[in-house]
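> Next input, structure requested:
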Amino acid sequence: MSNRSGYANPVFTGAAGVHARPEDNEVPYYTPETTTDRFIRRISSLKKGPKSNETIEDYQQVNLRPVNKERESETGFGSEEIQLISRVERTQQYTGDIDGDDPKTPKALERAKVPKFSGLGFMILSLSIFSTLFSLLFFFIAVAKPRYQGYIHANGHLSPTTASLLSAIFAKAIEISFVTVFTSYTGQVLSKRALRKDSKGIRIADLLMKGWVYQPGSLLTTMPGLKYAGRTLLGVVILFVVLCVTFYTTAADSLVSPKLHFSKYGDVKLEGYVTLTYGNSTALASRCPAIISSSLDGPMNGSALPVSQTTCYRVHNSYQPLRDFTFFTDAWNGYRADQSIPRDQLNRRPVGWTTVGNERYYGAWLEISGSDKLNNVTLAMPHGSIVPSVRNVTLNNLVQPEMQSDFGNIDATASVLSPAINVICYKLNQTAVQWFISNNSSDTRQGLLDPEAQRIFNFDPSSSQSLSIPSEGQYLAPSFISLPPPFNVAIFASAGYTDPSMYILTAANATISPSYTLCAIRSLLTSRCSTNYLSASGGGNVTTNCSPDNQNSLSHSLPSTNHETYQSQFKDISTALAYALSLNVADAALSRILGIFATSAVPGFNPSLPSVAEALAILYANAIVLSSVGAQFGADEKTNSYAGVDPYPYQLPTTESFNARIRTVEYASGVSAGWQASFYVVLAGVMVMNVFCLVYFFVARGLVFDITEIENLFCVAFNSRSDGTAVDFSSRMARRRDGFYGKGPRGKQFGLAFHVDCEEDERFHLYKRD
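Next comes the predicted model:
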């Protein structure tokens, strides 16, 4: 086999020498250079010439140590070579002390120092300033929880996606810069510890700690080193920093990145347009989108509205009450099946709901009472103008759900009047009902007026059918054309203009006595309730709260308005709706249902069947909500007491203000869930450590080159000797031949400390202090 070129071990000239590589058949494996080889090479270099005059002089003054027989036998050298080696070692130590290479003297640290404001130092300081400022900013944003009402939304200065992206970019920049700054600080601490001979030095476990910071997963693969590094203060701090670095972007996304949050309730003044008075039938009919134009159809009975407009209103507003009635009967089926509801709690009887546009309106029983023959119910509904007012960005500047990526919400509770429908039903027998049937042969009413009916309905007791003006404070009694057949209904609109009631006479089964029920339907505006609107992008829910302890009711915020005013104008709407529902048509389906409800022989309210009064109230729920759209809010004494008879106190159209408690879903920073508050520790930890590192780099008198960086550590290890003064990672029990350099440290080797020293030519090397 041909000869090969010289082989270096290692390949760097001057480190291990160059030797001729033997043939493969002569040496089956490569033998590393031994400690003896290195000593011989260093002795040879010393014999060639002194490094300095000072070295020769010191060498001549050194007393030679006795020959160590054990060392002689170990190395194979004679006594003369051993003495020469000992002199060299002592000369080097003595020379080092004189030259200041001993780290106890400032000169060793001077050689390790790098300019504080060099390119590297300036970059570290700049990153520290950036990381500190922005970590402070992120922490205070998370604590302050600012709301970005006018800045972050679909049409704002920043879109939600852009804001979230910017937050993620800055969070990542803070994380990267913090890792760089903190590892630089750790490198300075460990390097200075290694350069000081009076310190404990640094261990392999200490070197691993830097890797944990910028590569947290390596903590799991270097668990043996945690046993030694985790016992020191620096190790505990680094473990905490590893935790912060691992979860910083998650914490920033949770606490800083803008997300949709409900704000706290705040008392505000809202405004709304008032274009009509409550119960204005003409204005209500004019809103209907008639398919027939006014030019094709003239006015009806002298009305300013064409027949087509009134007909349109009747058609559009007849299907919704029937739909509401269906919801009501479905609710009753559930009520009868749920036996957990006490039947004596009448206010918990089913109410049902209605819809206007995309919003669903839920009512509440303001009053529900009765006796053997009497049912008196009052159904309160939310004010119909709260939704348009809250949705009016021009007037109230509230961020709408559509502007929050269709996930926003507005929760508004308004202290305004609530429209209500009152239905009083009283049962009459065959004799008492004759008083209310028209007498074609005489002007005198037939029979006698039931005293209880007169008291309940406040009728004028006059028996004259032609009476047009009732006594003060009383109403004209209705006069129906004829008695309705069983399971049918008769309708009568009172002649008196001031009477707010429309009357319905329902006939039940003729075998039941009393078989007739007289009902008065009238509407009022009450101050005992508040209207709550919870909006969403696809609609919302509008509810009314009429509980006595409701702090948001108008009667609570404005005690002088604690009264209820019946609205006489609503009589026209209630009459038109009764005809639209075909209640006067013979054998109509709805009339038959009402007749069956009237057959109940149970005193008061039947626990398994709704009363006629409840059913009629549900049928008129949608009408009172529509009548309040654009109507007065009643937030002051003048508008609150308006009954619809006299002119409205303000010129219409106008705007009125009212009190409201509002919270909105807007993009904001802060905690979304309770457990996420633990991320404050992460943000605070990064902020505090950033401030600490910034102060350290400003206050530190100088920096040293970081020997813990892999490239620097490689060079230092490369320059290190393998004799007794060099690093002995396996204590005195192991040598290179145990495989340490090939397999890495094991067990207690992680805890062995070493120092860094500097030779005359400023080459740094590792050594283990005895």
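
> from here on, contacts and neighbour counts on C-alpha atoms
Fine.

> mind showing which ranges of the stretch 301-450 of the chain have poor pLDDT?
301-305, 404-407 (pLDDT under 70).

> Can you show me the helices along it?
Taking DSSP state H, counting those that start in this stretch as the test, the helices found in the stretch 301-450 of the chain are 307-337, 386-391, 393-396.

> Dump those helices into CSV; add mean neighbour count and distance to Pro610 as well.
Below are the helices of the stretch 301-450 of the chain laid out as CSV (neighbours: other C-alpha atoms under 10 Å; distance: least, C-alpha to C-alpha, whole Å):
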stretch, mean neighbour count, distance to Pro610
helix 307-337, 18, 8
helix 386-391, 21, 30
helix 393-396, 12, 42
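
> can you redo the ones you listed as CSV with distance to Lys210?
As requested, the helices of the stretch 301-450 of the chain are exported to CSV (distance: least, C-alpha to C-alpha, whole Å):
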stretch, distance to Lys210
helix 307-337, 67
helix 386-391, 56
helix 393-396, 55
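
> Can you tell me what sits against stretch 231-246?
175, 179, 206, 209, 212-213, 216, 229-230, 682-683, 685-686 (C-alpha atoms under 8 Å, 6 or more residues apart in numbering).

> how far does it sit from the chain's center?
For stretch 231-246, the separation from the chain centroid amounts to 31 Å (computed by C-alpha atoms, centre = their mean, to the nearest Å).

> Report the two of the contacts of stretch 231-246 separated the most.
Asp206 and Leu683 (25.5 Å; C-alpha to C-alpha).

> Contact partners for Glu546?
For the record, residue 546 is Cys, not Glu. 364-366, 380, 528-530, 553.

> just checking, next helix/strand downstream of the longest strand belonging to the chain?
Using DSSP state E to define each element, the chain has its longest strand at strand 654-668. Sequence-wise, the next helix or strand downstream of strand 654-668 (DSSP states H and E) is helix 679-699.

> Which positions within that next one qualify as buried?
679-680, 682-687, 689-694, 697 (16 or more other C-alpha atoms under 10 Å).

> What of stretch 363-379?
363-366, 368, 370, 373-379.

> Pull the distance from that stretch to the chain's centre.
42 Å.

> measure that stretch end to end?
7 Å (C-alpha to C-alpha, to the nearest Å).

> Please apply the same query to stretch 557-571.
End-to-end for stretch 557-571, by C-alpha to C-alpha: 30 Å.

> any idea of the mean pLDDT in it?
Stretch 557-571 carries an average pLDDT of 80.

> hmm, who's touching it?
278-281, 415, 493, 497-502, 522-528, 551, 554-555, 635-637, 640-645.

> Just the buried residues of it, please?
Neighbour-count burial for stretch 557-571 [16+ other C-alpha under 10 Å]: 557, 561-562, 564, 566-571.

> Next: stretch 651-661.
For stretch 651-661, by 16+ other C-alpha under 10 Å, it's 655-661.

> Likewise for stretch 466-483?
470, 474-480, 483.

> Give the burial count for the nearest residue to Tyr151 once chain neighbours are set aside, as a bare number.
Using C-alpha to C-alpha, 6 or more residues apart in numbering and skipping the chain neighbours, the partner closest in space to Tyr151 is His157 (4.9 Å). Applying other C-alpha atoms under 10 Å, we find 13 residues neighbouring His157.

> Per-residue pLDDT of His157, please?
pLDDT at His157 comes out at 81.

> Next: Ile124.
So Ile124 comes in at 89 (pLDDT).
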